[in-house]
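K.L.:
Kindly generate the corresponding structure for this input.
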Amino acid sequence: MKLSIFFSIAFILLSSCSHDPYKEFSKIQIGQDKGDLLETLGSPLRARHTEDTDIWTYRFYKNGESIYKDITLRNNHIVQITDAREPDLKAISQKEKEIEEKLQKTTPSPYLEKSKPIKKKYIDDSELPKKQKAPDDFKEVIPSNDD
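P.N.:
As a prediction, this is how the structure comes out:
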């Protein structure tokens, strides 16, 4: 009997602690401030900034699929909520390869040629100029007893 009560209480506590971030997202409304957004959803996956606008992208998982949402902020308040495009990682990778190939095919700039290494010459201490003694500008002043 005690064991079943323990498991019942544990189940209730564990089920109340779980939260679904996508359900939390439904609480977000236009007009809320940045602080409410951060408190509800936490930090964004990505943030972009223009002159007077911030666009925060959040990623959620629902039924094993990624869902991306953009939240536009202006003057620290939510002004727009839209579906974001999911980044196409294959297309990004392909574009990076194309850029690398183009860079390898172009002739290097003469300004970017490798410079010749500087030959270091090691100097013996005896070759260093002798240090001259600085003039003694601050001599001790001894008061005279001419009073």
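
K.L.:
can we go C-alpha only for contacts and neighbour counts from here?
P.N.:
Will do.

K.L.:
Could I get the full set of strands for the protein?
P.N.:
46-49, 53-62, 65-74, 77-83 (DSSP state E).

K.L.:
Find me whatever residue is spatially closest to residue 68, sequence neighbours aside.
P.N.:
residue 59 (4.5 Å; C-alpha to C-alpha, 6 or more residues apart in numbering).

K.L.:
which residues does the one you found contact?
P.N.:
44, 45, 66, 67, 68, 69 (C-alpha atoms under 8 Å, 6 or more residues apart in numbering).

K.L.:
cool, residue 68 as well?
P.N.:
Neighbours of residue 68 in contact, by C-alpha under 8 Å, 6+ apart: 57, 58, 59, 60, 83, 84, 85, 86.

K.L.:
Need the max-distance pair from those residues.
P.N.:
Taking C-alpha to C-alpha as the measure, these span a maximum distance of 12.8 Å, between 60 and 85.

K.L.:
Give the residue spans of the protein that score low on pLDDT.
P.N.:
1-19, 86-87, 107-118, 120, 123, 125, 127-129, 131-139, 141, 146-147 (pLDDT under 70).

K.L.:
go again using 80 as the cut-off
P.N.:
For the chain, applying pLDDT under 80 flags the ranges 1-22, 85-92, 105-147.

K.L.:
in it, which spans are helices?
P.N.:
2-17, 21-25, 34-41, 89-105 (DSSP state H).

K.L.:
Using CSV, list the CA coordinates for the second one.
P.N.:
Written as CSV, here are the backbone C-alpha positions of helix 21-25 (Å, rounded to 0.1, in the frame of the first residue of the first chain):
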residue,chain,number,x,y,z
PRO,A,21,8.6,24.4,-24.9
TYR,A,22,6.3,24.4,-27.9
LYS,A,23,3.3,24.8,-25.5
GLU,A,24,5.2,27.6,-23.7
PHE,A,25,5.6,29.3,-27.1
